[in-house]
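>>> Mind folding the following:
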Amino acid sequence: MAVGQASFPDMPRIEGLRLGTARAGIKTADRRDLVVIEVPEGAAVAGSFTRNAFCAAPVTVAREHLAACTTRGQAPRYLVINTGNANAGTGETGLRDARATCSELARLAGVPENAVLPFSTGVIGETLPMERLLGGLPEALRSLDEEGAGWAAAGEGILTTDTRPKGASVTVPLGDETLTINGISKGSGMIRPNMATMLAFVATDAAIEPRVLETLLQESVARSFNCITVDGDTSTNDACMLISTGRGVAVADEERLAVFRNALQRVMTELAQAIVRDGEGATKFVSLQVEGAVTRREALDVAFTVAHSPLVKTALAASDANWGRILAAVGRAPLEGFDVSRVTIDLGDVRLVERGGRAAGYTEQAGSSVMARDEIAIRIDLGRGEEGATVWTTDLTREYVAINADYRS
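Modelled structure (predicted):
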(Lines give C-alpha, C1' and ligand atoms only; values in the text may rest on other atoms or scores of the structure.)
Protein backbone atom coordinates (compact mmCIF):
# COMPACT_ATOMS: atom_id res chain seq x y z
CA MET A 1 0.00 0.00 0.00
CA ALA A 2 1.48 3.36 -1.02
CA VAL A 3 1.16 5.97 1.74
CA GLY A 4 0.07 9.40 0.53
CA GLN A 5 1.92 9.30 -2.77
CA ALA A 6 1.31 11.84 -5.51
CA SER A 7 0.94 10.80 -9.13
CA PHE A 8 3.94 10.97 -11.45
CA PRO A 9 4.52 14.65 -12.26
CA ASP A 10 4.64 16.26 -15.67
CA MET A 11 8.31 16.55 -16.62
CA PRO A 12 9.67 19.39 -18.75
CA ARG A 13 12.40 18.54 -21.21
CA ILE A 14 16.04 18.74 -20.18
CA GLU A 15 17.72 20.02 -23.33
CA GLY A 16 20.23 17.51 -24.71
CA LEU A 17 19.14 14.58 -22.51
CA ARG A 18 17.19 11.71 -24.05
CA LEU A 19 15.63 8.64 -22.42
CA GLY A 20 14.51 5.42 -24.07
CA THR A 21 12.96 2.16 -22.86
CA ALA A 22 12.41 -1.37 -24.14
CA ARG A 23 10.49 -4.50 -23.22
CA ALA A 24 13.33 -7.01 -23.19
CA GLY A 25 11.60 -9.74 -21.16
CA ILE A 26 14.45 -9.90 -18.65
CA LYS A 27 12.18 -11.33 -15.93
CA THR A 28 8.59 -10.64 -16.95
CA ALA A 29 7.20 -10.54 -20.46
CA ASP A 30 5.68 -7.39 -21.94
CA ARG A 31 6.82 -4.85 -19.35
CA ARG A 32 9.34 -2.06 -19.61
CA ASP A 33 12.53 -3.41 -18.04
CA LEU A 34 15.41 -1.81 -19.96
CA VAL A 35 16.21 1.92 -19.92
CA VAL A 36 18.87 3.90 -21.78
CA ILE A 37 19.74 7.50 -20.89
CA GLU A 38 21.71 9.45 -23.49
CA VAL A 39 23.94 12.21 -22.08
CA PRO A 40 25.04 14.99 -24.47
CA GLU A 41 28.65 15.84 -25.16
CA GLY A 42 30.00 18.52 -22.87
CA ALA A 43 27.86 17.39 -19.92
CA ALA A 44 29.06 16.65 -16.37
CA VAL A 45 28.10 13.51 -14.44
CA ALA A 46 28.55 12.70 -10.74
CA GLY A 47 27.75 9.43 -9.00
CA SER A 48 27.23 8.00 -5.53
CA PHE A 49 27.30 4.22 -5.05
CA THR A 50 26.55 1.60 -2.43
CA ARG A 51 29.10 0.82 0.28
CA ASN A 52 27.91 -2.78 0.52
CA ALA A 53 31.05 -4.98 0.29
CA PHE A 54 29.15 -7.37 -2.02
CA CYS A 55 28.48 -4.57 -4.49
CA ALA A 56 26.92 -5.72 -7.74
CA ALA A 57 28.96 -6.16 -10.91
CA PRO A 58 27.37 -3.12 -12.61
CA VAL A 59 28.36 -0.95 -9.62
CA THR A 60 31.99 -2.04 -10.03
CA VAL A 61 31.95 -1.38 -13.77
CA ALA A 62 30.08 1.92 -13.45
CA ARG A 63 32.67 3.16 -10.96
CA GLU A 64 35.52 2.11 -13.26
CA HIS A 65 33.99 3.72 -16.33
CA LEU A 66 33.06 6.93 -14.51
CA ALA A 67 36.64 7.21 -13.22
CA ALA A 68 38.01 6.63 -16.76
CA CYS A 69 35.79 9.36 -18.17
CA THR A 70 36.80 11.74 -15.40
CA THR A 71 40.48 11.09 -16.14
CA ARG A 72 39.86 12.03 -19.79
CA GLY A 73 38.05 15.18 -18.71
CA GLN A 74 34.84 13.92 -20.27
CA ALA A 75 31.45 12.70 -19.11
CA PRO A 76 29.86 9.29 -19.78
CA ARG A 77 27.58 9.34 -22.85
CA TYR A 78 25.12 6.60 -21.93
CA LEU A 79 23.57 5.02 -18.85
CA VAL A 80 21.88 1.63 -19.26
CA ILE A 81 19.58 0.23 -16.58
CA ASN A 82 17.91 -3.16 -16.39
CA THR A 83 15.37 -4.38 -13.88
CA GLY A 84 14.38 -7.94 -13.01
CA ASN A 85 17.94 -9.05 -12.26
CA ALA A 86 20.50 -7.38 -9.96
CA ASN A 87 23.59 -9.04 -11.46
CA ALA A 88 24.91 -9.16 -7.88
CA GLY A 89 26.66 -12.09 -6.25
CA THR A 90 27.53 -13.34 -9.73
CA GLY A 91 31.36 -13.17 -9.58
CA GLU A 92 33.43 -12.94 -12.75
CA THR A 93 30.47 -13.95 -14.91
CA GLY A 94 28.58 -10.90 -13.69
CA LEU A 95 31.48 -8.59 -14.46
CA ARG A 96 31.79 -10.02 -17.97
CA ASP A 97 28.06 -9.55 -18.53
CA ALA A 98 28.09 -5.96 -17.28
CA ARG A 99 31.03 -5.15 -19.55
CA ALA A 100 29.41 -6.94 -22.48
CA THR A 101 26.29 -4.81 -22.01
CA CYS A 102 28.41 -1.65 -22.15
CA SER A 103 30.34 -2.95 -25.16
CA GLU A 104 27.21 -3.69 -27.18
CA LEU A 105 25.55 -0.39 -26.39
CA ALA A 106 28.80 1.43 -27.19
CA ARG A 107 28.97 -0.38 -30.56
CA LEU A 108 25.40 0.53 -31.41
CA ALA A 109 25.83 4.17 -30.35
CA GLY A 110 29.36 4.67 -31.72
CA VAL A 111 31.04 5.65 -28.43
CA PRO A 112 33.90 4.13 -26.38
CA GLU A 113 32.93 1.23 -24.12
CA ASN A 114 33.88 3.11 -20.96
CA ALA A 115 31.56 5.94 -21.96
CA VAL A 116 28.68 3.63 -20.94
CA LEU A 117 27.68 3.09 -17.29
CA PRO A 118 25.58 0.01 -16.39
CA PHE A 119 23.00 -0.32 -13.58
CA SER A 120 20.87 -3.27 -12.51
CA THR A 121 18.16 -4.04 -9.96
CA GLY A 122 16.24 -7.19 -9.09
CA VAL A 123 17.00 -10.62 -7.70
CA ILE A 124 20.52 -11.21 -6.30
CA GLY A 125 22.55 -14.27 -7.27
CA GLU A 126 21.22 -14.96 -10.76
CA THR A 127 23.11 -14.29 -14.00
CA LEU A 128 21.67 -11.89 -16.53
CA PRO A 129 19.71 -13.30 -19.50
CA MET A 130 22.18 -11.67 -21.86
CA GLU A 131 20.53 -12.61 -25.14
CA ARG A 132 17.29 -10.90 -24.12
CA LEU A 133 19.05 -7.91 -22.55
CA LEU A 134 21.33 -7.23 -25.51
CA GLY A 135 18.45 -7.85 -27.89
CA GLY A 136 16.48 -5.05 -26.21
CA LEU A 137 19.15 -2.38 -26.66
CA PRO A 138 18.24 -1.40 -30.25
CA GLU A 139 14.61 -0.84 -29.22
CA ALA A 140 15.70 1.33 -26.28
CA LEU A 141 17.90 3.42 -28.58
CA ARG A 142 15.14 3.80 -31.18
CA SER A 143 12.78 5.12 -28.52
CA LEU A 144 15.13 7.81 -27.17
CA ASP A 145 12.99 10.84 -26.34
CA GLU A 146 14.03 14.33 -25.21
CA GLU A 147 10.49 15.28 -24.16
CA GLY A 148 8.93 14.69 -20.76
CA ALA A 149 7.25 11.44 -21.79
CA GLY A 150 10.65 9.78 -21.79
CA TRP A 151 10.96 10.39 -18.05
CA ALA A 152 7.62 8.74 -17.29
CA ALA A 153 8.48 5.65 -19.34
CA ALA A 154 11.93 5.43 -17.74
CA GLY A 155 10.41 5.80 -14.28
CA GLU A 156 8.25 2.77 -15.02
CA GLY A 157 11.14 0.87 -16.61
CA ILE A 158 13.33 0.81 -13.47
CA LEU A 159 10.74 -0.61 -11.04
CA THR A 160 10.86 -3.95 -9.20
CA THR A 161 8.47 -4.43 -6.24
CA ASP A 162 7.50 -0.75 -6.36
CA THR A 163 3.79 -0.10 -6.76
CA ARG A 164 4.28 2.98 -8.94
CA PRO A 165 6.98 5.07 -10.64
CA LYS A 166 8.54 7.90 -8.64
CA GLY A 167 9.43 11.26 -10.12
CA ALA A 168 10.11 14.83 -9.07
CA SER A 169 10.69 18.03 -10.99
CA VAL A 170 11.52 21.62 -10.06
CA THR A 171 11.81 24.66 -12.33
CA VAL A 172 13.31 27.76 -10.71
CA PRO A 173 13.70 31.29 -12.12
CA LEU A 174 17.28 32.51 -12.11
CA GLY A 175 17.52 36.11 -13.28
CA ASP A 176 16.06 36.29 -16.76
CA GLU A 177 16.45 32.53 -17.22
CA THR A 178 15.22 29.36 -15.54
CA LEU A 179 16.86 26.13 -14.46
CA THR A 180 15.14 22.77 -14.42
CA ILE A 181 15.88 19.64 -12.39
CA ASN A 182 14.12 16.33 -13.13
CA GLY A 183 14.59 13.04 -11.32
CA ILE A 184 13.32 9.47 -11.06
CA SER A 185 14.00 6.89 -8.38
CA LYS A 186 13.06 3.33 -7.55
CA GLY A 187 13.01 1.42 -4.34
CA SER A 188 10.49 -0.18 -2.02
CA GLY A 189 12.34 -2.84 -0.01
CA MET A 190 15.97 -3.51 0.90
CA ILE A 191 16.09 0.17 1.78
CA ARG A 192 18.60 1.61 4.20
CA PRO A 193 20.82 3.48 1.78
CA ASN A 194 24.44 3.86 2.71
CA MET A 195 25.10 6.46 0.02
CA ALA A 196 21.96 6.93 -2.01
CA THR A 197 19.02 4.71 -2.80
CA MET A 198 18.53 1.60 -4.83
CA LEU A 199 18.50 3.62 -8.04
CA ALA A 200 18.05 7.32 -8.72
CA PHE A 201 18.76 9.38 -11.83
CA VAL A 202 18.58 13.17 -11.62
CA ALA A 203 19.38 15.66 -14.38
CA THR A 204 19.50 19.42 -14.83
CA ASP A 205 19.97 21.69 -17.82
CA ALA A 206 22.17 24.00 -15.73
CA ALA A 207 25.88 24.29 -16.53
CA ILE A 208 27.87 23.24 -13.45
CA GLU A 209 31.58 22.45 -13.16
CA PRO A 210 32.15 18.69 -12.54
CA ARG A 211 33.83 19.02 -9.15
CA VAL A 212 31.09 21.31 -7.91
CA LEU A 213 28.47 18.89 -9.21
CA GLU A 214 30.12 16.06 -7.23
CA THR A 215 30.06 18.13 -4.05
CA LEU A 216 26.42 19.09 -4.56
CA LEU A 217 25.45 15.45 -5.11
CA GLN A 218 27.14 14.22 -1.93
CA GLU A 219 25.62 17.06 0.12
CA SER A 220 22.10 16.39 -1.12
CA VAL A 221 22.39 12.60 -0.78
CA ALA A 222 23.45 12.99 2.85
CA ARG A 223 20.24 14.82 3.69
CA SER A 224 17.82 12.85 1.54
CA PHE A 225 18.51 9.26 0.48
CA ASN A 226 20.85 8.65 3.40
CA CYS A 227 18.03 9.65 5.76
CA ILE A 228 15.52 6.98 4.74
CA THR A 229 15.02 3.40 5.83
CA VAL A 230 12.30 0.82 5.23
CA ASP A 231 13.91 -2.33 6.62
CA GLY A 232 17.53 -1.49 7.51
CA ASP A 233 19.02 -3.43 4.59
CA THR A 234 21.55 -1.73 2.30
CA SER A 235 21.25 -2.95 -1.29
CA THR A 236 24.15 -4.35 -3.28
CA ASN A 237 23.11 -2.18 -6.22
CA ASP A 238 22.54 1.32 -4.84
CA ALA A 239 23.41 4.15 -7.19
CA CYS A 240 22.45 7.80 -7.50
CA MET A 241 23.56 9.75 -10.58
CA LEU A 242 23.42 13.51 -11.12
CA ILE A 243 23.75 14.83 -14.68
CA SER A 244 24.35 18.44 -15.74
CA THR A 245 23.79 18.79 -19.48
CA GLY A 246 25.32 22.28 -19.55
CA ARG A 247 22.76 23.46 -22.10
CA GLY A 248 21.10 26.00 -19.81
CA VAL A 249 21.98 28.74 -17.35
CA ALA A 250 25.50 28.78 -15.89
CA VAL A 251 25.62 28.11 -12.14
CA ALA A 252 28.94 29.22 -10.72
CA ASP A 253 28.69 32.15 -8.29
CA GLU A 254 27.57 31.66 -4.69
CA GLU A 255 24.15 33.21 -5.16
CA ARG A 256 23.23 30.92 -8.05
CA LEU A 257 24.76 27.91 -6.32
CA ALA A 258 22.55 28.55 -3.29
CA VAL A 259 19.45 28.61 -5.50
CA PHE A 260 20.49 25.43 -7.27
CA ARG A 261 21.41 23.67 -4.01
CA ASN A 262 17.97 24.35 -2.55
CA ALA A 263 16.21 23.18 -5.72
CA LEU A 264 18.29 20.01 -5.87
CA GLN A 265 17.55 19.26 -2.23
CA ARG A 266 13.83 19.59 -2.92
CA VAL A 267 14.01 17.06 -5.76
CA MET A 268 16.23 14.62 -3.85
CA THR A 269 14.08 14.77 -0.72
CA GLU A 270 10.87 14.25 -2.69
CA LEU A 271 12.35 11.22 -4.46
CA ALA A 272 13.69 9.79 -1.20
CA GLN A 273 10.40 10.26 0.64
CA ALA A 274 8.53 8.69 -2.28
CA ILE A 275 10.51 5.49 -1.67
CA VAL A 276 9.44 5.44 1.98
CA ARG A 277 5.83 6.14 1.06
CA ASP A 278 5.99 3.15 -1.30
CA GLY A 279 7.79 0.93 1.22
CA GLU A 280 6.87 -2.72 0.92
CA GLY A 281 3.64 -3.27 2.81
CA ALA A 282 3.82 0.18 4.40
CA THR A 283 0.71 1.79 5.88
CA LYS A 284 2.49 4.60 7.77
CA PHE A 285 4.89 7.37 6.77
CA VAL A 286 6.95 8.24 9.85
CA SER A 287 9.22 11.25 10.43
CA LEU A 288 11.75 10.73 13.23
CA GLN A 289 13.05 14.14 14.29
CA VAL A 290 15.94 14.16 16.74
CA GLU A 291 17.02 17.45 18.33
CA GLY A 292 19.36 18.49 21.11
CA ALA A 293 22.24 16.26 20.01
CA VAL A 294 25.93 17.07 20.33
CA THR A 295 26.59 16.18 16.66
CA ARG A 296 24.48 15.41 13.59
CA ARG A 297 25.96 11.89 13.60
CA GLU A 298 24.67 11.38 17.14
CA ALA A 299 21.20 12.55 16.11
CA LEU A 300 21.21 10.14 13.16
CA ASP A 301 22.32 7.25 15.39
CA VAL A 302 19.35 7.82 17.70
CA ALA A 303 16.90 8.25 14.84
CA PHE A 304 18.02 5.09 13.03
CA THR A 305 18.02 3.07 16.27
CA VAL A 306 14.33 3.88 16.69
CA ALA A 307 13.55 3.51 12.98
CA HIS A 308 15.08 0.02 12.88
CA SER A 309 13.38 -1.32 16.01
CA PRO A 310 11.02 -4.16 14.97
CA LEU A 311 9.02 -3.55 18.14
CA VAL A 312 8.52 0.14 17.33
CA LYS A 313 7.70 -0.63 13.70
CA THR A 314 5.13 -3.31 14.53
CA ALA A 315 3.51 -1.03 17.12
CA LEU A 316 3.19 1.58 14.38
CA ALA A 317 1.58 -1.01 12.10
CA ALA A 318 -0.97 -1.86 14.77
CA SER A 319 -1.59 1.81 15.69
CA ASP A 320 -0.62 0.75 19.21
CA ALA A 321 0.56 3.67 21.38
CA ASN A 322 3.15 1.48 23.12
CA TRP A 323 5.43 4.41 23.95
CA GLY A 324 7.71 2.22 26.08
CA ARG A 325 9.10 0.68 22.89
CA ILE A 326 10.18 4.10 21.64
CA LEU A 327 11.73 4.94 25.01
CA ALA A 328 13.64 1.64 25.07
CA ALA A 329 14.98 2.16 21.54
CA VAL A 330 16.21 5.66 22.36
CA GLY A 331 17.90 4.29 25.48
CA ARG A 332 19.94 1.71 23.59
CA ALA A 333 21.27 4.15 21.00
CA PRO A 334 25.10 4.35 20.96
CA LEU A 335 25.52 7.53 23.02
CA GLU A 336 28.12 8.34 25.65
CA GLY A 337 27.12 10.03 28.92
CA PHE A 338 23.39 9.78 28.20
CA ASP A 339 21.24 11.63 30.80
CA VAL A 340 17.73 10.24 30.35
CA SER A 341 16.25 12.81 32.73
CA ARG A 342 16.85 15.49 30.06
CA VAL A 343 15.14 13.60 27.22
CA THR A 344 11.67 14.44 25.94
CA ILE A 345 9.74 12.36 23.40
CA ASP A 346 6.64 13.59 21.57
CA LEU A 347 4.24 11.65 19.35
CA GLY A 348 2.75 14.28 17.10
CA ASP A 349 1.52 16.95 19.52
CA VAL A 350 1.34 14.51 22.44
CA ARG A 351 4.15 14.50 25.01
CA LEU A 352 5.07 10.87 25.83
CA VAL A 353 8.23 11.09 27.92
CA GLU A 354 9.87 13.67 30.20
CA ARG A 355 12.11 13.56 33.29
CA GLY A 356 12.98 9.91 32.70
CA GLY A 357 9.44 8.52 32.52
CA ARG A 358 5.91 8.92 31.21
CA ALA A 359 4.85 12.54 30.84
CA ALA A 360 2.44 13.67 33.54
CA GLY A 361 -0.24 14.78 31.09
CA TYR A 362 -0.10 11.72 28.82
CA THR A 363 -3.24 9.67 28.17
CA GLU A 364 -3.59 6.44 26.21
CA GLN A 365 -6.48 7.96 24.27
CA ALA A 366 -4.34 10.87 23.07
CA GLY A 367 -1.45 8.58 22.06
CA SER A 368 -3.73 6.15 20.24
CA SER A 369 -5.35 8.99 18.31
CA VAL A 370 -1.97 10.02 16.85
CA MET A 371 -0.91 6.42 16.15
CA ALA A 372 -4.03 5.89 14.04
CA ARG A 373 -2.84 8.47 11.49
CA ASP A 374 -1.24 7.58 8.16
CA GLU A 375 1.52 10.14 8.72
CA ILE A 376 3.20 10.34 12.12
CA ALA A 377 5.95 12.54 13.55
CA ILE A 378 8.05 11.32 16.47
CA ARG A 379 10.17 14.08 18.01
CA ILE A 380 13.04 13.27 20.37
CA ASP A 381 14.95 16.02 22.19
CA LEU A 382 18.13 14.70 23.83
CA GLY A 383 18.73 17.92 25.75
CA ARG A 384 22.50 17.80 25.33
CA GLY A 385 23.44 19.94 22.33
CA GLU A 386 22.35 22.05 19.37
CA GLU A 387 22.47 19.54 16.48
CA GLY A 388 19.63 17.56 14.93
CA ALA A 389 18.58 15.29 12.07
CA THR A 390 15.43 13.83 10.54
CA VAL A 391 14.99 10.28 9.29
CA TRP A 392 11.96 8.98 7.37
CA THR A 393 10.72 5.41 7.79
CA THR A 394 7.69 3.09 7.69
CA ASP A 395 5.86 0.60 9.84
CA LEU A 396 6.47 -3.17 9.54
CA THR A 397 3.42 -5.13 8.41
CA ARG A 398 2.37 -8.68 7.58
CA GLU A 399 2.28 -7.62 3.93
CA TYR A 400 6.01 -6.76 4.07
CA VAL A 401 6.71 -10.32 5.23
CA ALA A 402 4.47 -11.77 2.50
CA ILE A 403 6.07 -9.69 -0.27
CA ASN A 404 9.57 -10.78 0.68
CA ALA A 405 8.67 -14.38 1.43
CA ASP A 406 7.20 -14.69 -2.07
CA TYR A 407 9.71 -12.46 -3.89
CA ARG A 408 11.32 -15.23 -5.97
CA SER A 409 8.18 -17.31 -6.38
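
>>> From here on, just use CA atoms for contacts and neighbour counts.
Noted.

>>> wouldn't residue 314 be in contact with residue 398 here?
No: if you go by Cα atoms under 8 Å, residue 314 and residue 398 don't touch, sitting 9.2 Å apart.

>>> Between those two, which is the more surrounded one?
residue 314 (16 against 11; other Cα atoms under 10 Å).

>>> Tell me if that one really is in a helix.
Yes: judged by DSSP: H, G, I helix; E, B strand; the rest coil, residue 314 forms part of a helix.

>>> Next up, the contacts around it.
If you count contacts by Cα atoms under 8 Å, 6 or more residues apart in numbering, residue 314 has them with 395-397.

>>> tell me which helix or strand of this protein sits lowest on mean pLDDT?
helix 398-405 (a mean of 88; mean pLDDT, DSSP states H and E).

>>> could the contacts of residue 314 go into a markdown table alongside distance to residue 205, pLDDT and neighbour count?
As requested, those are arranged in a markdown table below (distance: Cα to Cα, whole Å; pLDDT from 0 to 100; neighbours: other Cα atoms under 10 Å):
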| residue | distance to residue 205 | pLDDT | neighbour count |
| --- | --- | --- | --- |
| 395 | 38 | 94 | 29 |
| 396 | 39 | 92 | 27 |
| 397 | 41 | 92 | 19 |
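
>>> what's the closest of those to residue 40?
For these, the residue nearest residue 40 by Cα to Cα is residue 395; the value is 41.9 Å.

>>> For residue 371, see how far away the closest one is.
Distance of residue 395 to residue 371, computed by Cα to Cα, to the nearest Å: 11 Å.

>>> list the residues that contact both of the two?
Joint contacts of residue 395 and residue 371 (Cα under 8 Å, 6+ apart) are residue 316.

>>> This structure: helices as residue ranges?
Secondary structure of the chain (DSSP state H): helices at 57-72, 91-109, 130-142, 149-157, 210-222, 254-277, 296-307, 310-317, 323-331, 364-371, 398-405.

>>> Reformat the ones you listed into a markdown table and put distance to residue 124 next to each item.
Converted to a markdown table, the helices of the chain look like this (distance: least, Cα to Cα, whole Å):
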| stretch | distance to residue 124 |
| --- | --- |
| helix 57-72 | 11 |
| helix 91-109 | 11 |
| helix 130-142 | 16 |
| helix 149-157 | 18 |
| helix 210-222 | 25 |
| helix 254-277 | 20 |
| helix 296-307 | 25 |
| helix 310-317 | 24 |
| helix 323-331 | 31 |
| helix 364-371 | 36 |
| helix 398-405 | 13 |
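
>>> between those, which one is nearest to residue 283?
helix 310-317 (6.9 Å).

>>> quick one: that closest one to helix 364-371, angle?
Here helix 310-317 points in a direction 90 degrees away from that of helix 364-371 (axes from the mean of the first three to the mean of the last three Cα atoms, to 10 degrees).

>>> Can you list the buried residues in helix 310-317?
311-317 (16 or more other Cα atoms under 10 Å).

>>> same deal with stretch 213-230?
Residues 213-214, 216-218, 220-230 are the ones in stretch 213-230 that count as buried (16+ other Cα under 10 Å).

>>> what's the answer for stretch 383-393, then?
By neighbour count on 16+ other Cα under 10 Å, the buried set for stretch 383-393 is 383-384, 387-393.

>>> Please apply the same query to stretch 258-274.
260-261, 263-274.

>>> Among these, which pair sits farthest apart?
Most distant of the buried residues of stretch 258-274, by Cα to Cα, are 260 and 274, 21.2 Å apart.

>>> what's the spacing between residue 11 and residue 182?
The gap separating residue 11 from residue 182 is 7 Å, by Cα to Cα.

>>> Between these two, tell me which one has more neighbours.
residue 182 (27 against 21).

>>> beta partners for the more buried one?
Here residue 182 shows beta-bridge partners residue 169, residue 203, assigned using DSSP bridges.

>>> list the contacts for it?
Shown in contact with residue 182 (Cα under 8 Å, 6+ apart): 11-12, 14, 167-170, 202-204, 267.

>>> Looking at these, which one is closest to residue 55?
residue 202 (21.5 Å).

>>> That closest one and residue 245 touch, don't they?
No: at 11.0 Å, residue 202 and residue 245 do not qualify as touching, with contact defined as Cα under 8 Å.

>>> pLDDT score for the spatially most distant residue from the centre of the chain?
The centre of the chain is farthest from one residue, residue 360, which by Cα atoms, centre = their mean lies 40.0 Å away. pLDDT for residue 360: 95.

>>> That one and residue 344: what is the separation?
Following Cα to Cα, the distance that separates residue 360 from residue 344 is 12 Å.
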